[in-house]
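S.K.: model the structure of this input:
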Amino acid sequence: MELEEIPSGREGFALFRTVISDTGIGISPEFLPHIFENFSREQNTSKSGVLGAGLGMPVAKKLVELMGGSIFVESELGKGTKVTVNIPHRIVERDELLRLTKGKNTIERKLIEGKRILLAEDNELNAEISMMILSDVGFTVERVADGTEAVSAVEKNPDDYYDLVLMDIQMPLMDGYKATNLIRQLDGKKSQIPILALSANALEEDKRMSLAAGMNGHISKPVDVSKLCDAIFRVLK
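M.R.: Numbers count the residues shown, from 1 in each chain. Model (predicted):
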């Protein structure tokens, strides 16, 4: 997957291009013009054993267009497929972002200034986005790539070094549940550090599992800026 900013041509907006490629079975030139039609499936898709209604690409196209973007598909049979998505994003000034995340005209600066967050996230793109959001709000952010590194970072630093841990659930070597459990077993104030789960799973059962592991809250991915910051402010008060 590739992500890049390209010229926007629209004042106040940044345009980002995401390109996803594979080396799969590809799509025939006969079917390619019909790929965004409802209930349309190429005959050879049944060979993979994956069932579907033929609505995935039409729904994806509709969602992208609702965001003011565009989606293109290139493919060659037997060689693979490339999907290109261009989506504009409105540029928000820092002061406006702070107002949006708190939902009112002023922010309690004491909840932000000097606060350091440990982000445990193995996915490079997710980590980059989260760090950008948190840094723009005003937090200092340090990132580790798995649960073992998260436990080590909390353990080796002074008690008040981190004010909060944002903990991904599914990570290599050690998942977020196990890492949280080990942090809660540390000595002194370190065991009480606020920990918020970051997870692509948003079911009530997933939230209960996060709380049972010792976390202070559960934030679903993809991350919503307002919900993320509200959750952080709530546990830092």
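
S.K.: relative to D146, how far out is the residue lying closest to A145 once chain neighbours are set aside?
M.R.: Closest residue to A145 apart from its sequence neighbours, by C-beta to C-beta, 6 or more residues apart in numbering: D122 at 5.0 Å. (C-beta placed from N, C-alpha, C; glycine too.) D122 sits 6 Å away from D146, going by C-beta to C-beta, to the nearest Å.

S.K.: likewise T23?
M.R.: Separation of T23 from D146 (C-beta to C-beta): 28 Å.

S.K.: who has more neighbours, those two?
M.R.: D146 (19 against 9; other C-beta atoms under 10 Å).

S.K.: for this protein, what's the longest strand?
M.R.: The strand that spans the most residues within the chain, counting by DSSP state E, is strand 80-90.

S.K.: buried residues in that one, which are they?
M.R.: Applying a neighbour-count criterion of 16 or more other C-beta atoms under 10 Å, one finds T81, V83, V85, N86, I87, P88 buried in strand 80-90.

S.K.: what's the overlap in contacts for D122 and D146?
M.R.: M171, P172 (C-beta atoms under 8 Å, 6 or more residues apart in numbering).

S.K.: which per-residue confidence value corresponds to S48?
M.R.: According to the prediction, S48 has pLDDT 48.

S.K.: counting by contacts, list what the top helix by length along the chain packs against.
M.R.: Ranked by number of residues, the top helix in the chain under DSSP state H is helix 124-137. Using 3 or more C-beta pairs under 8 Å, 6 or more residues apart in numbering; DSSP states H and E, the elements in contact with helix 124-137 are helix 94-102, strand 116-120, strand 140-144, helix 225-236.

S.K.: quick one: mean pLDDT for that helix?
M.R.: What helix 124-137 shows for mean pLDDT is 85.

S.K.: outline the domain layout of this protein.
M.R.: As assigned by automatic domain parsing, the chain contains the domains 2-90, 94-236.

S.K.: which of the ones you listed sits most buried?
M.R.: domain 94-236 (a mean of 17; mean count of other C-beta atoms under 10 Å).

S.K.: run the chain-centre distance for it.
M.R.: Its chain's C-alpha centre and that of domain 94-236 lie 12 Å apart, by C-alpha atoms, centre = their mean, to the nearest Å.

S.K.: same thing with stretch 80-88?
M.R.: From the chain centre to the centre of stretch 80-88 is a distance of 18 Å (C-alpha atoms, centre = their mean).

S.K.: neighbouring contacts of it?
M.R.: Under C-beta under 8 Å, 6+ apart, the answer for stretch 80-88 is 6, 8, 10, 13-24, 26-27, 64, 67-75.

S.K.: 6 Å - rerun?
M.R.: Residues from elsewhere that reach stretch 80-88, judged by C-beta atoms under 6 Å, 6 or more residues apart in numbering: 13, 15-24, 26-27, 64, 67-75.

S.K.: okay, the residue located most distally from the centre of the chain: pLDDT?
M.R.: Most distant residue from the mean C-alpha position of the chain: E30, 35.9 Å away (C-alpha atoms, centre = their mean). We have a pLDDT of 91 for E30.

S.K.: and if you look at the one 3 residues further on?
M.R.: According to the per-residue confidence, P33 scores 91 in pLDDT.

S.K.: sec struct for it, please.
M.R.: At P33, secondary structure determined by DSSP: H, G, I helix; E, B strand; the rest coil is helix.

S.K.: low-confidence ranges, this protein, go.
M.R.: Along the chain, the parts satisfying pLDDT under 70 run over 43-53, 94-110.

S.K.: F16: what's it in contact with?
M.R.: Contacts of F16 by C-beta under 6 Å, 6+ apart are E5, I87.

S.K.: partners of the host helix or strand of it in the sheet?
M.R.: Assigned by DSSP states H and E, F16 belongs to strand 13-21. If you go by DSSP bridges, strand 13-21 pairs up with strand 2-6 (antiparallel), strand 80-90 (antiparallel).
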